[in-house]
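**Student:** Next come a sequence and a model predicted from it.
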Amino acid sequence: MMGGKKNDMPSTEGSANTSENMESILGKGSEFEGKLTFEGTVRVDGRFKGEIQSKGTLIIGEEAVLEGDVDVDSAIVGGKVEGNMTAKTRLELHVPAVVTGNIIAPVLIIQEGVSFNGNCQTSKGGSNTPAPSSKPIASSKPIDSNNKEK
């Protein structure tokens, strides 16, 4: 676990996210409503309302507010999202993220301190079929006072 440090979110500053790596940015104080499709990497630090579809990576900054459904290859979330999110490879929720909606992703990372209210489905190999469980979650057999199955 990475802790609750603010610098855990990818930054738009420094050499890691220069203009050659970051395709587009919806900056702090900006607002956009509509449908966004892109390739590469897009970072949202402002307000977005609508639908996002991409084969690339979406970064939702700590002060961003997104209302709508997201369907991307991968996403890193640090802001507020109200809507369903589907990531084909990976979805990361970093502090101080607040996500209200359902999530589908084969790899899901939720950092301690994140608020997530919704249903989650993880799957192997990028399909939307849940991975089989190796053990049952609960026993259907009665348990006696010594915590042994009868």
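**Tutor:** The structure has been received and is ready for your questions.

**Student:** Output the below-cut-off pLDDT ranges for this structure.
**Tutor:** Along the chain, segments meeting pLDDT under 70 span 1-22, 124-150.

**Student:** Now do the strands in it.
**Tutor:** All strands of the chain, identified by DSSP state E, fall at 24-26, 31-38, 41-44, 47-54, 57-60, 65-67, 70-77, 80-82, 85-93, 98-100, 103-104, 108-110, 115-117, 120-121.

**Student:** Out of those, which is the most enclosed?
**Tutor:** Compared across these, strand 57-60 shows the largest average neighbour count, a mean of 26 (mean count of other C-beta atoms under 10 Å). To be clear about C-beta, it is placed using only N, CA and C from the backbone, and glycine gets the same treatment.

**Student:** and that one, which strands flank it?
**Tutor:** If you go by DSSP bridges, strand 57-60 pairs up with strand 41-44 (parallel), strand 70-77 (parallel).

**Student:** Glu63: which of the ones you listed is closest?
**Tutor:** Closest to Glu63 of the strands paired with strand 57-60, according to C-beta to C-beta: strand 41-44, at 9.8 Å.

**Student:** Need the CA coordinates for the closest one. CSV is fine.
**Tutor:** Output in CSV follows, covering the C-alpha atoms of strand 41-44 (Å, rounded to 0.1, in the frame of the first residue of the first chain):
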residue,chain,number,x,y,z
THR,A,41,-3.4,9.5,-22.0
VAL,A,42,-5.8,12.2,-20.8
ARG,A,43,-5.8,13.9,-17.5
VAL,A,44,-9.0,15.6,-16.1
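
**Student:** Name the nearest residue to Asn117, ignoring sequence neighbours.
**Tutor:** Thr100 (4.9 Å; C-beta to C-beta, 6 or more residues apart in numbering).

**Student:** can you check Ser30 too?
**Tutor:** Closest to Ser30 by C-beta to C-beta, 6+ apart is Gly46, at 3.5 Å.

**Student:** Just want the phi and psi numbers for the one you found.
**Tutor:** Backbone torsions for Gly46, taken as degrees, to the nearest 10, come to phi -100, psi -150.

**Student:** what's the distance between it and Lys55?
**Tutor:** 23 Å (C-beta to C-beta, to the nearest Å).

**Student:** Which one's more surrounded, these two?
**Tutor:** More crowded of Gly46 and Lys55, by other C-beta atoms under 10 Å: Gly46, with 19 against 13.
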